[in-house]
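Q: coords please:
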Amino acid sequence: MTESPVGTSPIPVGISGIPSQQVGASPYAETPLWNLDASILLVEDDAGDALLVEEMLTDSELDSALTWCKTLAEARAFLDASAAPVCVLLDLHLPDVHGLDAVRQILASDSDAAIVVLTGLEESGTGLRAVAGGAQDYLVKGRLNPEVLSRAIRYALQRKEVERAAAALRANRLIAQENARLERGLLPVPLLRDDRFRVRARYEPGRVHGLLSGDFYDVVQTADGTVHAVIGDVSGHGAAEAALGVCLRVAWRTAVLCGTSHPEQIALLEEILVAERSDSHVFATVTSLAFPPGQRHVQVLRAGHPGLLLRQGTDVTWVEPRGGMALGLLPGAGSWPSVDVPLPPGGGLVLFTDGLFEGRDGPDSRLGEEGLLAMARANGHLPPRAFVDALVAGAAEGAAPYGGLADDVAVLHLGWGSDDDEH
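A: Down below sits the predicted model:
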């Protein structure tokens, strides 16, 4: 009989001295009927019972490594060192632990371990309590046979896999719920008082994270009839950036509704960004617009954000009014001029984040601003909703052979009475 020092990872050798690789290699079967992609750990201090289990495994259809430990300390050391899935055959009466605490300690060492408890003839109640405490099954030693043992091991491993899958599903549902909350914060319903003003919006998460990140936008009409709009992009990807984007959007809407002036809105956003960001290198680009009612111009304020597309009939031009630096780069030192841009009757402005044009369209090239403008002009005949969809689809199609869009994409199509998909 080969033994291992207590408290150390035991040597995977059979109870009878046969190397564990040979355990389960029945002389009556040329090919195993079922191969385990897992190891079997027997935790049993009685040598006679251990030998019985080994013989049962030898006569079964299993083909898997067997390791024998006499104490829980040895078993925990083995589990700590093991990278492969393990099925633990666990006796509840060990020198260093007694009863259901053995199950709890095994799970503490390896929560992914499948556990089959070995009980005596009069301990069926204990076996049931062990299953309720986290074990996958229990077996009565006096009623063991190769078929029963092999089936219990297979089923225990399968049940553990199902438990892991169910836990992952629950976690994914929680993540989906959190993402839905972020989505409601990042992608709000425009607050409009006048149905003459038309808004079309589109958001697509990038392939890197596949979830909402730091891009945000909003549209609000104040009591004087002015329509305010904002689009922004927080640097980086992840929940922290998404939360910061929600924070900035809500702060912007609050500032607008409180009558804060255009430049003061941007200064306030920078102050909040600096206070809320998790890292001093985080910054945000922003474009904020104000459409006065009945006037043929729009006030544009840019803080490090890309330019805009101006649509007039089927013509599309690139507009890049003078602006200031991105928020958070040099806190307190920024200056953001408000520039009037002519808006022809029926004209529309298209705002977007840089994910729309920074995707690859070749092995060593990106779509870029010129490529985006060419694509926009090719689709200039489309109504607003179809136009926005065509831009996103074109950028995604060009990037598809090179891994897809790597960044989030947000697009806003805005204008007085120009956003009518019926014409």
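
Q: so what's residue 9 scoring on pLDDT?
A: According to the prediction, residue 9 has pLDDT 42.

Q: which regions of the stretch 51-200 of the chain sit below the pLDDT cut-off?
A: Along the stretch 51-200 of the chain, segments meeting pLDDT under 70 span 121, 178-186.

Q: Next secondary structure after the longest helix along the chain?
A: Longest helix of the chain, by residue count under DSSP state H: helix 146-186. Later in the chain than helix 146-186, the nearest helix or strand by DSSP states H and E is strand 197-204.

Q: ok and that next one relative to helix 146-186, angle-wise?
A: 150 degrees (axes from the mean of the first three to the mean of the last three C-alpha atoms, to 10 degrees).

Q: Work out the sheet partners of strand 197-204 and label each with its direction, please.
A: Under the criterion DSSP bridges, strand 197-204 sits next to strand 409-416 (antiparallel) in its sheet.

Q: So what's the model's average confidence on the partner strand?
A: Strand 409-416 comes out at a mean pLDDT of 94.

Q: if we can go back for a sec, what helices and strands are in contact with the longest helix of the chain?
A: Applying 3 or more C-beta pairs under 8 Å, 6 or more residues apart in numbering; DSSP states H and E, one finds that helix 146-186 makes contact with helix 47-58, strand 62-63, strand 86-91, strand 114-119, strand 137-140, strand 215-221, helix 239-257. Placement of C-beta: from N, CA and C, glycine included.

Q: in the stretch 201-350 of the chain, which spans are strands?
A: Using DSSP state E, counting those that start in this stretch, the strands of the stretch 201-350 of the chain run over 215-221, 227-234, 284-291, 297-303, 308-312, 315-319, 338-342, 348-352.

Q: so how far is the first one off the chain centroid?
A: How far strand 215-221 lies from its chain's middle: 25 Å, per C-alpha atoms, centre = their mean, to the nearest Å.

Q: Next, the buried residues of it.
A: Using 16 or more other C-beta atoms under 10 Å as the test for burial, strand 215-221 gives 215, 216, 217, 218, 219, 220, 221.

Q: tell me which of these is nearest to residue 252?
A: residue 218 (6.1 Å; C-beta to C-beta).

Q: Confirm for me that the closest one is in contact with residue 251.
A: No - Residue 218 is beyond contact range of residue 251, at 10.3 Å (criterion: C-beta atoms under 8 Å).

Q: Select, out of the helices and strands packed on helix 146-186, the one closest to residue 292.
A: Nearest to residue 292 among the helices and strands packed on helix 146-186 is strand 215-221; the distance by C-beta to C-beta comes to 11.2 Å.

Q: what's near enough to touch residue 272?
A: Residues near residue 272 by C-beta atoms under 8 Å, 6 or more residues apart in numbering: 247, 248, 251.

Q: What about the nearest residue to residue 241 once chain neighbours are set aside, how many residues nearby?
A: Of all residues not flanking residue 241 in the chain, residue 214 sits nearest, at 3.6 Å (C-beta to C-beta, 6 or more residues apart in numbering). Neighbours of residue 214 under the rule other C-beta atoms under 10 Å: 26.

Q: Tell me if I am right that residue 107 is in a helix.
A: Yes - the assignment for residue 107 by DSSP: H, G, I helix; E, B strand; the rest coil puts it in a helix.

Q: who's in contact with residue 86?
A: Residues near residue 86 by C-beta under 8 Å, 6+ apart: 38, 39, 40, 41, 78, 79, 110, 112, 113, 114.

Q: now with 6 Å?
A: Contacts for residue 86 (C-beta atoms under 6 Å, 6 or more residues apart in numbering) come out as 39, 41, 113.

Q: Present the residues you listed as a markdown table; the columns should include distance to residue 349 and neighbour count.
A: Shown next, in a markdown table, are those (distance: C-beta to C-beta, whole Å; neighbours: other C-beta atoms under 10 Å):
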| residue | distance to residue 349 | neighbour count |
| --- | --- | --- |
| 39 | 64 | 19 |
| 41 | 67 | 26 |
| 113 | 60 | 24 |
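
Q: Give me the phi and psi for the residue nearest to residue 241.
A: The phi/psi pair for residue 214 (degrees, to the nearest 10) reads phi -90, psi 0.

Q: now it: how far from residue 161?
A: From residue 214 over to residue 161 the distance is 37 Å, taken as C-beta to C-beta, to the nearest Å.

Q: Ok, residue 378 next?
A: Distance of residue 378 to residue 161, given as C-beta to C-beta: 51 Å.

Q: Over to residue 203?
A: 36 Å.

Q: okay, these two: which has more neighbours?
A: Legend: neighbour count by other C-beta under 10 Å for residue 203 and residue 161, higher for residue 203 (18 against 13).

Q: So that one sits against residue 411, correct?
A: No - Residue 203 sits out of contact with residue 411 when judged by C-beta atoms under 6 Å, with a separation of 7.8 Å.

Q: so how many other residues sit close to residue 174?
A: Residue 174: 10 neighbours (other C-beta under 10 Å).

Q: Relative to residue 394, which of the helices and strands packed on helix 146-186 is closest?
A: Per C-beta to C-beta, nearest to residue 394 of these: strand 215-221, 18.6 Å.

Q: What average pLDDT does the closest one get?
A: Computed over strand 215-221, the mean pLDDT rounds to 94.
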